[in-house]
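[1] how would this look folded up:
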Amino acid sequence: MRIIRTLCAGAIPLLLIACADKNKDADASGVFEATEIIVSSEAAGQIRQFSLQEGQELDANQMVGIVDTVQLYLRKMQLLANVKAVRSRRPDMGKQIAAIEQQIATAKLEKTRVENLLKANAANQKQLDDVTAQIAVLERQLDAQKSTLSNTDLGISEESSALQIQVAQLDDQLRKCRIVNPIRGTVLTKYAEQSEVTAPGKALYKIADTEHMILRAYITSSQLTQLKIGQTVKVFSDFGEKQSKEYAGAVAWVSSKSEFTPKTIQTRDERANLVYAVKIAVKNDGLIKIGMYGSVKITAQ
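    Residues are numbered from 1 along each chain as shown. Model prediction:
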């Protein structure tokens, strides 16, 4: 779900509150994190276009670069030419069997004439039998030719289908030559440059969803019963110089296992050795940065 951020010129900004006072009243503290994705190449070749910069904001599904596609494109053109050549060998069944069908039609007319002569005692039974046998032979020849032409057409169709599958595979490889950004976010690190040669799996850049931050904090077992998924809490970001800012947060995850308190994390009860990790989802206004310290105040439900 995408949340559209709107800026109101007449809105009253949140007041910065003294960090020392808030830390005294905070129930937990931690560090802000973000969903980070390392985007890797899916194709091998020279990077023809790749102009993004660190700190640049990108949209989801935005194409940010392309890997050389010349050889793949030429192979596709060759396969398409092969498909056209194979289809040109497809027989025209109507024209192939037209001659035999005409012979059968002529023989049937001859049979009708002989039957009329036989009724008038102007022909004998052998003449009628000969014409009937000729028609039977021609009909068997017609069936055999239809079967042969049908098998030939089926073989050409299967050969053409196999080539079409190869074309589809090349189309997929051509799509993978496009470097498409997966999520909306900010470029953190750029690992490759334009004109370099890349390979499948090689990292190109790292991007993070800095619009939706996560505060990873730790609470004691006594505080565990006060939290549940989706609960609203108050989050305070530490801007240094004893300044902080309040944000609305929501509990997104609570660990089911306890762990020892990290050295860099303080809890309300300093004597607590075992704590539970929690993740608080916070909507960023652009001021919160990855790695920044923050604190949590559990609100009454």
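[2] quick one: low-confidence ranges for the stretch 201-301 of the chain?
    Along the stretch 201-301 of the chain, segments meeting pLDDT under 70 span 241-242, 261-273, 300-301.
[3] From the centroid of the chain, which residue is nearest?
    Centroid check for the chain by C-alpha atoms, centre = their mean gives residue 182 as the closest residue, at 9.0 Å.
[4] In contact with the most far-flung residue of the chain relative to its centre, which residues are there?
    In the chain, residue 121 marks the outermost C-alpha relative to the chain mean, sitting 83.0 Å out by C-alpha atoms, centre = their mean. By C-beta atoms under 8 Å, 6 or more residues apart in numbering, the contact set of residue 121 is empty. To be clear about C-beta, it is placed using only N, CA and C from the backbone, and glycine gets the same treatment.
[5] roughly how far out does stretch 94-107 sit from the chain middle?
    55 Å (C-alpha atoms, centre = their mean, to the nearest Å).
[6] List the buried residues for that stretch?
    In terms of neighbour count (16 or more other C-beta atoms under 10 Å), stretch 94-107 has its buried residues at 97, 100, 103-104, 107.
[7] how deep is residue 293 tucked in, by neighbour count?
    Using other C-beta atoms under 10 Å, residue 293 has 20 other residues around it.
[8] got it, and residue 126?
    Neighbours around residue 126, by other C-beta under 10 Å: 9.
[9] did I read that right, it in a helix?
    Yes: counting by DSSP: H, G, I helix; E, B strand; the rest coil, residue 126 is located in a helix.
[10] That one and residue 114, how far apart?
    10 Å (C-beta to C-beta, to the nearest Å).
[11] so where's the stretch 1-150 of the chain uncertain?
    For the stretch 1-150 of the chain, the ranges with pLDDT under 70 are 1-25.
[12] change it to 50
    1-23 (pLDDT under 50).
[13] need the contact list for residue 176.
    42-43.
[14] now residue 258: how far from residue 121?
    In terms of C-beta to C-beta, residue 258 sits 115 Å off from residue 121.
[15] Mind listing residues that contact stretch 83-101?
    Identification of contacts with stretch 83-101 by C-beta under 8 Å, 6+ apart yields 138, 141-142, 145-146, 149-150, 152-153, 156, 159-160, 163-164, 167.
[16] among the residues you listed, which ones are buried?
    Burial by neighbour count, judged by 16+ other C-beta under 10 Å, picks out 138, 142, 145, 149, 156, 160, 163, 167 from these.
[17] Could you pull out the helices in the stretch 151-300 of the chain for me?
    Ranges of helices in the stretch 151-300 of the chain, per DSSP state H, counting those that start in this stretch, are 221-224.
[18] can you map out the strands along it?
    178-180, 185-190, 197-198, 203-219, 232-240, 243-260, 274-283, 293-298 (DSSP state E, counting those that start in this stretch).
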